[in-house]
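# Sequence and predicted model, in that order:
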Amino acid sequence: MNRFRMNVVVDGLAAWAEDDVVSLVSDSVELLRVTVCERCLITTTDQTTGERPKSDLLPTLNKFRRRQENRFASGLMFGAYMAVEKEGVLRVGDRLAVEYAADDTE
């Protein structure tokens, strides 16, 4: 997980659900999805040693997670960029209400 440089990891969502998330909301924080997150070679780099051992990650994502719109890096999607709409404290274990593009589901 340390190779993905994320700030928030949400447990309990279905695979690729981040594509349809509109917002994540707790009692004190609201995050709005801005766009998909494209992945680069950092995900294949060992964060301790700086080495890049052979990895199947990017070739695997290339098989089913490539998008061309708004392409500025690899075009390989995993995760989402979120903007802070309501600033507050978010702690490990906090519950987030998830709003999806098609409907409201928690």
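On my side now, so go ahead. Quick caveat: nothing in here was measured; it's all calculated off a predicted structure.

# in stretch 23-38, what counts as buried?
Ser23, Leu24, Val25, Ser26, Val29, Glu30, Leu31, Leu32, Arg33, Val36, Cys37, Glu38 (16 or more other Cβ atoms under 10 Å). C-betas here are computed from N, CA, C, even on glycine.

# mean confidence score for that stretch?
Averaged across stretch 23-38, the pLDDT comes to 92.

# okay, how far is it across that stretch, tip to tip?
19 Å (Cα to Cα, to the nearest Å).

# can you map out the helices along this protein?
57-64 (DSSP state H).

# those strands in it, which residues are they?
Ranges of strands within the chain are 21-25, 30-38, 77-86, 97-100, based on DSSP state E.

# do you know which of those strands lies nearest Asn7?
Nearest to Asn7 among the strands of the chain is strand 77-86; the distance by Cβ to Cβ comes to 8.3 Å.

# quick one: contacts of that closest one?
Strand 77-86 is contacted from outside by 4, 6, 8, 18-19, 21, 23-25, 28-39, 43, 61, 65-67, using Cβ atoms under 8 Å, 6 or more residues apart in numbering.

# So what angle separates the directions of that strand and helix 57-64?
90 degrees (axes from the mean of the first three to the mean of the last three Cα atoms, to 10 degrees).

# strand partners of strand 77-86, parallel vs antiparallel please.
When pairing is defined by DSSP bridges, strand 77-86 lines up against strand 30-38 (antiparallel).

# Please state the offset of the partner strand from the chain centre?
8 Å (Cα atoms, centre = their mean, to the nearest Å).

# just the angle between it and strand 21-25, please?
Going by the same axes, to 10 degrees, strand 30-38 makes 140 degrees with strand 21-25.

# What is the most widely separated pair among the buried residues of stretch 23-38?
Ser26 and Glu38 (26.8 Å).

# how about the buried residues of stretch 23-38 in TSV, adding distance to Lys54?
Putting the buried residues of stretch 23-38 into TSV (distance: Cβ to Cβ, whole Å) gives the following:
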residue	distance to Lys54
Ser23	38
Leu24	34
Val25	40
Ser26	39
Val29	39
Glu30	41
Leu31	35
Leu32	37
Arg33	33
Val36	26
Cys37	23
Glu38	21
